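A.B. asks: Using only what follows, build the 3D model:
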Amino acid sequence: MSFKSSLTVLALGAAAATGASSALAADWSSDSIGYRYYSAQSEPGVSDKVAKNVLNFTHVSGDKLGTNFFSIDHLTSDNSDLNKGDSNGASEWYGFYKRSFSLSALSGNKGGYGFAKDLSLTARIDAGAKNTAFAPAPNKVRVGLSADMPVSAGFWSIGLEAYKETNNNGIMGKAVNFDTVPALTSAWAIPVASLGATFEGFFDMVGAKGKDGFGAQTATETLFEGKLMFNVAGAKSGLKAGVGVQYWNNKFGCDSGLASNGNKCTATSPMVLVTYAL
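C.D. replies: Next up, the predicted model:
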C-alpha cells in the first residue's frame, strides 16, 4: 500500500471516531496534542540507537455503549535511519482507531463479571507508512475482548485479540500477508498520590506471524511503554510533562536472536514527553 493510501486509511479512522461519537451522542470527549522524544529506538536492519521525535494527536470519547480512541503519530528519525531520497532522517506516519462496546451497557448487567468490573468487545484498525527504501506500509485489524480491572482510581484494561497484518517490502518489491495470530494487550492510567503523578502506559504482545518479506520466520513481538506524567501549572491547565521508558523486543516480528539481526530488533529507550489537552 502506498503512503497516500495508508494516510487515507488513517483519515477514515479519524472520521469513524468522530462519526461514531456524534451518532451515539458522546457523553464526554477529549482531544490532546503531544510531543515525545526517544533517544535509542531499535530499527530492524539499521540500528538499535535511532533517536526519534514524535508529534501526536489523540481523540478519546465515550457514549452510552462504549468508547472511541483515535491516535496518530508523525515520527522523524535522526540520520542513522535515512529516508529513500537523501541523507535526511526518515519520516513516518502511524495511527489507529479503536472502538469498544461495553457488555454491561449492552446487557444491562451492572454487577461486573467475576474479577472484572466490565468486559468489552473491541475492534481496532492500524495503518502507517514510512519513506525509507524498505517502504513499510502496515495495515492491521484487531478484534477481541477486554476486561476492565478493579482499580480504585484511573483505569487498567487487559485484552486478548485476534491480530491480522499486511505490509509492504520495498526491498523485495512485494506485499506481505502475515498469518492471523493472538495478541495480548493492556493499557493503564493510575494516579500515584505519593508522587503527585499518574502512571500511564501500555503493553502489547503479538505472536509469531509467519514468514516476513525475506522468507525469514518471525518471532513473538513484545512492546512495553511506561511513563510518569505530572501536571504543569496546575491540574486545570491541561499541560502535562513526563518521563518514561520504552522496551521493544523483536520489533515488527524481527527475530533478535538471529546472528544476522544482532541487536537491531530490540532496544530499551528512555523517553521524555509533553501533552496538552485542547
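
A.B. asks: ok but residue 242 is inside a helix, no?
C.D. replies: No. Assessed with DSSP: H, G, I helix; E, B strand; the rest coil, residue 242 is strand; it does not lie in a helix.

A.B. asks: quick one: contacts for it?
C.D. replies: By CB atoms under 8 Å, 6 or more residues apart in numbering, the residues touching residue 242 are 197, 200, 227, 228, 229, 230, 272, 273, 274. (C-beta placed from N, C-alpha, C; glycine too.)

A.B. asks: repeat that for 7 Å
C.D. replies: Residue 242 is in contact with 227, 228, 229, 230, 273, counting by CB atoms under 7 Å, 6 or more residues apart in numbering.

A.B. asks: So which of these is the closest to residue 102?
C.D. replies: residue 229 (25.8 Å; CB to CB).

A.B. asks: does that closest one sit in a helix, a strand or a coil?
C.D. replies: In three-state terms, and counting by three-state DSSP, residue 229 is strand.

A.B. asks: And the pLDDT at the closest residue to it other than its chain neighbours?
C.D. replies: Spatial nearest neighbour of residue 229, chain neighbours left out: residue 242 (3.9 Å); criterion: CB to CB, 6 or more residues apart in numbering. Residue 242 is assigned 98 on the pLDDT scale.

A.B. asks: Redo the contacts of residue 242 as a markdown table? Include neighbour count, distance to residue 164 and pLDDT.
C.D. replies: Below are the contacts of residue 242 laid out as a markdown table (neighbours: other CB atoms under 10 Å; distance: CB to CB, whole Å; pLDDT from 0 to 100):
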| residue | neighbour count | distance to residue 164 | pLDDT |
| --- | --- | --- | --- |
| 227 | 21 | 29 | 98 |
| 228 | 16 | 34 | 98 |
| 229 | 20 | 32 | 98 |
| 230 | 13 | 38 | 97 |
| 273 | 19 | 30 | 98 |
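
A.B. asks: Among those residues, which one lies nearest to residue 92?
C.D. replies: For the contacts of residue 242, the nearest to residue 92 is residue 273 (17.4 Å; CB to CB).

A.B. asks: Which residue ranges of the stretch 51-200 of the chain form strands?
C.D. replies: 66-77, 91-102, 118-130, 139-148, 155-169, 174-177, 181-192, 197-206 (DSSP state E, counting those that start in this stretch).

A.B. asks: Minimum distance to residue 222: which of the ones you listed has it?
C.D. replies: strand 197-206 (5.0 Å).

A.B. asks: what about the stretch 1-150 of the chain, any weak spots by pLDDT?
C.D. replies: Low-confidence segments of the stretch 1-150 of the chain (pLDDT under 70): 1-24.

A.B. asks: change it to 50
C.D. replies: 1-3 (pLDDT under 50).

A.B. asks: Can you tell me who the residue nearest to residue 229 pairs with across the strands?
C.D. replies: residue 229, residue 273 (DSSP bridges).

A.B. asks: Now do the contacts for the spatially closest residue to residue 140 that is not a sequence neighbour.
C.D. replies: In this structure, residue 140 finds its nearest non-sequential neighbour in residue 126, 4.0 Å apart by CB to CB, 6+ apart. By CB under 7 Å, 6+ apart, the contact set of residue 126 is 96, 138, 139, 140.

A.B. asks: State the distance from residue 126 to residue 106.
C.D. replies: 25 Å (CB to CB, to the nearest Å).

A.B. asks: just residue 135 next, same as before
C.D. replies: Look at residue 135 and residue 106: by CB to CB, they are 41 Å apart.

A.B. asks: With residue 223 instead?
C.D. replies: For residue 223, the distance to residue 106 - CB to CB - is 30 Å.
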